[in-house]
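K.L.:
Have a look; sequence and predicted model below, questions after that.
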Amino acid sequence: MSKHLLLIIILFSLKIYSQEIVSRNDIYAKDSIAYKVQDNKLFTGKVQNFKHKTHLVSEIEFVDGILNKTSVYANGKEVIILDEDYYYEKSPQIKKKVRYSFDHKIMSTTYYEKNGNKKLEEELKDGILVYSCPYTNNKKNGKLFSIDKKGEKKECVFENGKLIKNI
């Protein structure tokens, strides 16, 4: 009995957490909200774009018709994610951009305020922070931290986009 109950719970949870995957011809947008062409209901799931039918180029994720995330891929021997953009809830404004090197050793992340202004840039190499710079009104503002190719830590202070001092 408990095995059957566990199986039912697993199948039910897969149904809840599974996402529909469609092509861009299967949805339409009205007032920045995505709907399924089939039944005119709000779309939750992923829209995948392919080149030559098998080469995954990009993916767009929606939750209740609202744009949530976009991803760009490179294809070779395997599919590699290169870029991810995350959006503010119920807004077409980008919240965070993540860029990866082909080998995923370097990850660059840029954070944005709701008004579109850049807030923070960070870069990690092999999981270690090697660059960080805060922004105010799209200008460097605050303490910039970096580690150069020799492994030396460097810091400097910017105010309203102008270098104030090296630390």
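P.N.:
The structure has been received and is ready for your questions.

K.L.:
Where do the domain boundaries of this structure fall?
P.N.:
Using automatic domain parsing, the domain parsing of the chain gives 19-92, 104-167.

K.L.:
Turn those domains into a markdown table, columns for mean neighbour count, distance to residue 98 and mean pLDDT.
P.N.:
Any C-beta I mention is one placed from the backbone N, CA and C, and that applies to glycine too. Listed next are these as a markdown table, based on neighbours: other C-beta atoms under 10 Å; distance: least, C-beta to C-beta, whole Å; pLDDT from 0 to 100:
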| stretch | mean neighbour count | distance to residue 98 | mean pLDDT |
| --- | --- | --- | --- |
| domain 19-92 | 14 | 4 | 93 |
| domain 104-167 | 14 | 5 | 96 |
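
K.L.:
would you list every one of the helices in this structure?
P.N.:
2-17 (DSSP state H).

K.L.:
residues in contact with residue 113?
P.N.:
If you count contacts by C-beta atoms under 8 Å, 6 or more residues apart in numbering, residue 113 has them with residue 119.

K.L.:
Kindly list the main-chain dihedrals of it?
P.N.:
For residue 113, the backbone dihedrals are phi -80, psi 170 (criterion: degrees, to the nearest 10).
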